[in-house]
Structures are given as C-alpha cells and as structure tokens.
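Participant: Requesting a structural model of the entry that follows:
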Amino acid sequence: MSVGQYLPTVFAGAGRIATLTTEAVTLAGGADRRIIGIYAFLQAALPLIVYGGALALPALLYRSCRRGLG
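Facilitator: Numbers count the residues shown, from 1 in each chain. As a prediction, the model looks like this:
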C-alpha cells in the first residue's frame, strides 16, 4: 500500500467511501491472506487494464487509416 493511494481517498471521502485501497488497508490488519492477495492482484490489474486499453484503442480506431500508408 502506498500513502499516496490511501490518504487522498480517505481525505476526499472523509472515510465514508469504500474503495479498493481502503478495503485492502483494512483487510491487511488481520484478515485471510487469500483475500488480501486478491485485493493486491486487483490493485495491480486495474491500472494494467487501463494502460493496455490506452495502447490498444488507437491501434483499433486508426487501423483503417494506416492501411493506405503502407
């Protein structure tokens, strides 16, 4: 967990909004290690999915424009 992920979420929502980061911090206090592992995997997977989409989307959108270039 990063303070940069946790504190802005807590400050913005005054602790009332449950997010993946705040739940992971809560579970890290002594819950089942498998559940904590799932939360950690999700925290890594979500940004990777977004970055993958950012890389793939232009390729899909502009594929017809590049056909005439080659």
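
Participant: Identify each buried residue in the helix ranked longest in the chain, please.
Facilitator: Assignment by DSSP state H gives helix 33-61 as the longest helix of the chain. For helix 33-61, the neighbour count (16 or more other CB atoms under 10 Å) marks 36, 39 as buried. C-beta here means a position set from N, CA and C on the backbone, and glycine is covered the same way.

Participant: which helices and strands sit right next to it?
Facilitator: helix 20-27 (3 or more CB pairs under 8 Å, 6 or more residues apart in numbering; DSSP states H and E).

Participant: any idea of the angle the helix it packs on forms with helix 33-61?
Facilitator: Relative orientation of helix 20-27 versus helix 33-61 (axes from the mean of the first three to the mean of the last three CA atoms, to 10 degrees): 170 degrees.

Participant: Packing partners of helix 20-27?
Facilitator: Using 3+ CB pairs under 8 Å, 6+ apart, helix 20-27 sits against helix 3-13, helix 33-61.

Participant: Just give me how far that helix sits from the chain centre.
Facilitator: 13 Å (CA atoms, centre = their mean, to the nearest Å).

Participant: Other residues contacting it?
Facilitator: By CB atoms under 8 Å, 6 or more residues apart in numbering, the surrounding residues in contact with helix 20-27 are 1, 5-6, 9-10, 15, 35-36, 39-40, 42-43, 46.
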